[in-house]
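Student: Build the 3D model from these lines:
(chains A and B)
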Amino acid sequence: MGIIRSLKNNLAVFFKKLFNKKNARIGIYGPPNAGKTTLANRILRDWTGDAMGSVSHVAHETRRARRREGVIIKTNGNSVTLDIVDTPGLATKIDFQDFMAAGLDESEAKRRAKEATEGVIEAVKWLENLDGVILVMDATEDPFTQVNVTVIGNMEARSLPLLIAANKVDLEDSSPTSIRDAFPQHPMVAISALEGKNIETLYEEIAKRFG
Amino acid sequence: MNGIQMDLISEDKMAKMAPVEKVRFIIDEVKSGKILVLESGLTPEEEANLIEITMSQIDPDNFSGIEMESYPFKVNNSLLGKLFKKNTIRTRLTVIGPAKQLKTLKKDHDLISALVLANK
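Tutor: Numbering: from 1, shown residues only, chains lettered A, B, ... in the order given. Below is the predicted model:
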């Protein structure tokens, strides 16, 4: 089996070079504070030894999309090379008073709100330039948010692959089955990006869906 | 008389508008304080575009964005759709209003429960 698998991989690399196929460009999407950057950091640390960006309990910590090219994920004899884009949290509303409630002063809160709006615009624009999406959902929250519905709709309209990461299953009140029930048409992996729980299963799905 | 205006927009009215007109119409109406119920909703691309334009309109002291709720889309999967990477999406009823006046209480495949607040 090992020889066959190795031959298969070599042939895949050969054909990729032959047809100059570009790496699949995968966006990590989701609402603010779902754990997108935590997952991006986990993936990069596992496969490149590096990190993508800082994380915070205050929403909209990531306000600029960040891209990392050529991340090679190997699992079960499969190998997939991805360009990963960590996007700012998508939202339909941004109120600076929410940031003040999180402890920021007014001028800092307004600055963060302004940057967050720009980040959302950037995230929306990226949707048109991707080959697939990992949609990160907070498994402690209601999955039927408008952001989730809109992202899934955009992927379905373009017939592009989507993988749902039901994140934060390390928390007691998490309910990944609610996410599976809400969107049964898409593959879902229950993970804790923070603790690395089920992350191998996620990598297997990534290789399967985006390879 | 105090109250919040709610406009129920027919599928026919929206169908006459170009995508850019729809988004402009929605933003203008919502910024004026109205709550809109769209009979047939928006396409996923139009929803994404609406989010984008909403962000460009946010003003910290006057407009913090929109509350938008639509049912999950229905997809008509076809071989041609897969081949050309363009599926046909059936859009569904959508409610849109100012974020400070419309709050979603619960949502699932076939129910949207929302609260309309009288005060801005």
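Student: contacts, neighbours, all on C-alpha from now
Tutor: OK.
Student: Residue A:54 - that's part of a helix, no?
Tutor: No: according to DSSP: H, G, I helix; E, B strand; the rest coil, residue A:54 belongs to no helix; its state is coil.
Student: correct me, but it touches residue A:61?
Tutor: Yes: under the criterion of C-alpha atoms under 8 Å, residue A:54 makes contact with residue A:61 at 7.4 Å.
Student: so who does residue B:89 touch?
Tutor: A:153, A:156-157, B:43, B:73-76 (C-alpha atoms under 8 Å, 6 or more residues apart in numbering or on different chains).
Student: Check what pLDDT the residue in chain B positioned nearest to chain A gets.
Tutor: Closest approach of chain B to chain A (C-alpha to the nearest C-alpha) occurs at residue B:65, with a separation of 4.1 Å. pLDDT for residue B:65: 96.
Student: Residue A:54 and residue A:61: which has the busier surroundings?
Tutor: residue A:61 (20 against 10; other C-alpha atoms under 10 Å in any protein chain shown).
Student: where does the residue nearest the centre of chain A fall, phi/psi-wise?
Tutor: With distances taken as C-alpha atoms, centre = their mean, the residue of chain A nearest its centroid is residue A:28 (2.4 Å). With angles defined as degrees, to the nearest 10, residue A:28 sits at phi -100, psi 110.
Student: Same check on residue A:25?
Tutor: Note on residue A:25: backbone dihedrals following degrees, to the nearest 10 are phi -100, psi 110.
Student: So it is in contact with residue A:81, correct?
Tutor: No: if you go by C-alpha under 8 Å, residue A:25 and residue A:81 don't touch, sitting 9.2 Å apart.
Student: just for chain A, where's the confidence low?
Tutor: Chain A contains residues with pLDDT under 70 at A:1-21.
Student: ok, now which ones touch whatever residue of it ends up closest to chain B?
Tutor: Closest approach between chain A and chain B, counting by C-alpha to the nearest C-alpha: residue A:93, at 4.1 Å. Listed by C-alpha under 8 Å, 6+ apart, the contact partners of residue A:93 are B:54-55, B:64-67, B:99.
Student: phi, psi of it?
Tutor: The phi/psi pair for residue A:93 (degrees, to the nearest 10) reads phi -150, psi 150.
Student: now swap in residue A:111 and tell me
Tutor: Residue torsions, per degrees, to the nearest 10, at residue A:111 are phi -60, psi -40.
Student: picking that back up, next step: the contacts of residue A:93 restricted to helices.
Tutor: Counting by DSSP state H, those place B:54-55 in helices.
Student: Could you list the buried residues of stretch B:92-105?
Tutor: By 16 or more other C-alpha atoms under 10 Å in any protein chain shown, the buried positions in stretch B:92-105 come out as B:92-104.
Student: Now compare these and name the two farthest from each other.
Tutor: Distance extremes for the buried residues of stretch B:92-105: the farthest pair is B:92 and B:100 at 23.7 Å, using C-alpha to C-alpha.
Student: now the helices for chain B?
Tutor: B:11-15, B:19-31, B:44-57, B:79-83.
Student: export stretch A:152-160 as PDB, just CAs?
Tutor: What follows is stretch A:152-160, C-alpha atoms only, in PDB (Å, rounded to 0.1, in the frame of the first residue of the first chain):
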ATOM      1  CA  ILE A 152     -22.100  29.200   3.200                       C
ATOM      2  CA  GLY A 153     -24.400  30.700   0.600                       C
ATOM      3  CA  ASN A 154     -21.500  32.300  -1.300                       C
ATOM      4  CA  MET A 155     -19.500  29.000  -1.300                       C
ATOM      5  CA  GLU A 156     -22.600  27.000  -2.400                       C
ATOM      6  CA  ALA A 157     -23.400  29.500  -5.200                       C
ATOM      7  CA  ARG A 158     -19.900  29.100  -6.600                       C
ATOM      8  CA  SER A 159     -19.900  25.400  -5.900                       C
ATOM      9  CA  LEU A 160     -16.600  25.700  -3.900                       C
END
